[in-house]
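[1] Could you look at this predicted model? Sequence included:
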Amino acid sequence: MPPVTASRPRIKVLIVDDSAIVRKLLSEAIAAEPDMEVVGTAPDAYVARDKVLALKPEVLTLDIEMPGMDGITFLKQLMRDHPVATIIVSSLGQSSCTATLEALRCGAVDVLAKPAGPYSVGDLRKSLAAKIRGAAAARPRIAGEPAASLREERRPASNSCDLRTVIAIGASTGGTVAIQEILQRLSADMPPMVVTQHIPAGFSLAFANRLNKLCAMEVREAVDGDSLRRGLALVAPGDYHLLLRRAGAGYAVELQQGPEVCYQRPSVDVMFASVAQAAGSHGVGILLTGMGTDGAKGLLALKRAGAATIAQDEASCVVYGMPREAVRLEAVGIVASLADIPGILSRAGRSNANVEAKAM
């Protein structure tokens, strides 16, 4: 990590949580990092509102369930009047996970699970600093209102797609909204997809369920051994790597709790590398917004295997980190805006041959 200097001031963080214990744990974890500092804490949204104005934090950690004004209401006001890169610190209850995904849609850039005991406190210290650094580099964006459920419009996939094509999508900071915007614009007869989003264990199920309600494709959290088929997208569970394997004439997924890769589990690199090996030139890899380097080497493996490779452009990224690294490695065949990626994938759904040429 670069040393803190006069030209590299510490990241200013405001902690908003009604739990004094959580405020203390977060404060201690941040205080251990040389490149960031806690400029204030707040037990509720009303105190937080005043401190945002007075202290001008660069990053805010926000609880969802607070007395008086809940975190979602506060976040909407914050993004409208004084946008601050916000990390949601949430419990793993079903209602909290659902609310957290809504907060991400409303402009929050990342999520962190609340510590639930001594073991999770260690995990917190390991991941909080990385999330704060990512948030400090982020450009918060507010997604549009979600479309109505398309479940009733689902139909059996047609035979118009190349049966061998597999689409793999990887993302981190800002990725939940980006993935939703892409999948909502795709038809029900797309080739099978595998998705790795950096997200804590517990939240991935709520994320997959939300996508399933909004998209024409069926979307669900992956289970070890799941077979892929057209019209199905499988999301890697939090804390598990997702790998693609050949299964007869088709494909199946394997879940592993191996070592973290690029400090991540699930890792985009792990997924992309497995798609390169299993699908070769019939793979399509898409690397979206995110902090760090995860996915870049895997995208290069896909390109070398003859697959089509796509990276989100800087202008539409919340954090242009992972795509930038892939471009630097010359792993990218197409650089495209988030708005253009669904159209590129629809063409890939018909045949991924010459996808890159058709997109130019």
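    Everything's here; your move. Numbers count the residues shown, from 1 in each chain.
[2] So Ile87 sits against Glu58, correct?
    No. Contact criterion Cβ atoms under 8 Å: Ile87 and Glu58 do not qualify, at 11.5 Å. In this view, the C-beta of every residue, glycine as well, is placed from N, C-alpha and C.
[3] Those two: who's more crowded?
    Higher neighbour count among Ile87 and Glu58: Ile87, with 25 against 19, using other Cβ atoms under 10 Å.
[4] So the more buried one lies in a strand, does it not?
    Yes. Under DSSP: H, G, I helix; E, B strand; the rest coil, Ile87 sits within a strand.
[5] Next one: it from Ala168, what distance?
    Separation of Ile87 from Ala168 (Cβ to Cβ, to the nearest Å): 27 Å.
[6] can you give me the helices in the stretch 1-150 of the chain?
    For the stretch 1-150 of the chain, applying DSSP state H, counting those that start in this stretch gives helices covering 20-31, 45-55, 71-81, 94-105, 118-136.
[7] Just give me the lowest mean pLDDT stretch among these.
    Mean pLDDT is lowest for helix 118-136 among the helices of the stretch 1-150 of the chain, at a mean of 78.
[8] Which residue is the nearest non-sequential neighbour of Leu299?
    Ala331 (4.2 Å; Cβ to Cβ, 6 or more residues apart in numbering).
[9] lowest average confidence, helix or strand, in the chain?
    helix 355-359 (a mean of 53; mean pLDDT, DSSP states H and E).
[10] Where do the domain boundaries of the chain fall?
    11-136, 157-359 (automatic domain parsing).
[11] from the chain's centre, how far out does the first one sit?
    This points to domain 11-136. With Cα atoms, centre = their mean, to the nearest Å as the basis, domain 11-136 stands 17 Å off its chain's centre.
[12] now for it, what's the gap between its first and last residues?
    Taking Cα to Cα, to the nearest Å, domain 11-136 runs 7 Å from one end to the other.
[13] Stretch 171-178 now?
    8 Å.
[14] Identify all contacting residues around that stretch.
    101, 104-105, 109-110, 131, 134-135, 138, 141, 143, 179, 196-199, 207, 264, 268, 287-292, 294, 312, 317-319, 321-322, 338 (Cβ atoms under 8 Å, 6 or more residues apart in numbering).
[15] from those residues, which would you call buried?
    By neighbour count, with 16 or more other Cβ atoms under 10 Å, the contacts of stretch 171-178 hold 101, 104-105, 109-110, 131, 134-135, 138, 141, 179, 196-199, 207, 264, 268, 287-292, 294, 312, 317-319, 321-322, 338 as buried.
[16] which ones among these are found in strands?
    110, 196-197, 287, 312 (DSSP state E).
[17] want to throw these into JSON lines with distance to Leu124 and pLDDT?
    Listed next are these as JSON lines, based on distance: Cβ to Cβ, whole Å; pLDDT from 0 to 100:
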{"residue": "Asp110", "distance to Leu124": "13", "pLDDT": "94"}
{"residue": "Thr196", "distance to Leu124": "22", "pLDDT": "98"}
{"residue": "Gln197", "distance to Leu124": "20", "pLDDT": "98"}
{"residue": "Leu287", "distance to Leu124": "27", "pLDDT": "98"}
{"residue": "Gln312", "distance to Leu124": "29", "pLDDT": "98"}
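[18] In terms of distance to Ala301, which of those residues ranks first?
    The shortest gap between Ala301 and any of these belongs to Leu287, at 12.1 Å (Cβ to Cβ).
[19] For the closest one, give its distance to Arg105.
    Here Leu287 is placed at a distance of 21 Å from Arg105 (Cβ to Cβ).
[20] Helices of the stretch 151-300 of the chain, start to end?
    For the stretch 151-300 of the chain, the helices defined by DSSP H, counting those that start in this stretch occupy 175-183, 203-214, 268-279, 296-304.
[21] for the record, mean pLDDT for the first one?
    Per-residue pLDDT values across helix 175-183 average out to 96.
[22] Tell me what angle that helix forms with helix 94-105.
    80 degrees (axes from the mean of the first three to the mean of the last three Cα atoms, to 10 degrees).
[23] Distance from helix 175-183 to the middle of the chain?
    Helix 175-183 sits 8 Å away from the centroid of its parent chain (Cα atoms, centre = their mean).
[24] and Met36, what pLDDT?
    At Met36, the model reports a pLDDT of 96.
[25] can you count the residues close to Pro34?
    Quick note: Pro34 (other Cβ under 10 Å) scores 12 neighbours.
[26] nope, Val16 is what I meant
    Val16 - counted by other Cβ under 10 Å - has 29 other residues nearby.
[27] swap in the one 4 residues further on?
    Per other Cβ under 10 Å, the neighbour tally for Ala20 reads 10.
[28] Quick check, Asp189 in contact with Arg230.
    Yes. At 6.1 Å, Asp189 counts as touching Arg230 under the criterion of Cβ under 8 Å.
[29] Okay, now the unreliable bits of the chain?
    1-7, 116-123, 143-163, 349-360 (pLDDT under 70).
[30] follow-up on the earlier one: the helices of the stretch 151-300 of the chain into a markdown table, with extra columns for distance to Ala348?
    What follows is the helices of the stretch 151-300 of the chain, written out as a markdown table (distance: least, Cβ to Cβ, whole Å):
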| stretch | distance to Ala348 |
| --- | --- |
| helix 175-183 | 12 |
| helix 203-214 | 19 |
| helix 268-279 | 12 |
| helix 296-304 | 13 |
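[31] mind listing what Ser227 touches?
    247, 250-252.
[32] Highest neighbour count among those residues?
    Of all the contacts of Ser227, the highest neighbour tally under other Cβ under 10 Å goes to Tyr251, namely 22 neighbours.
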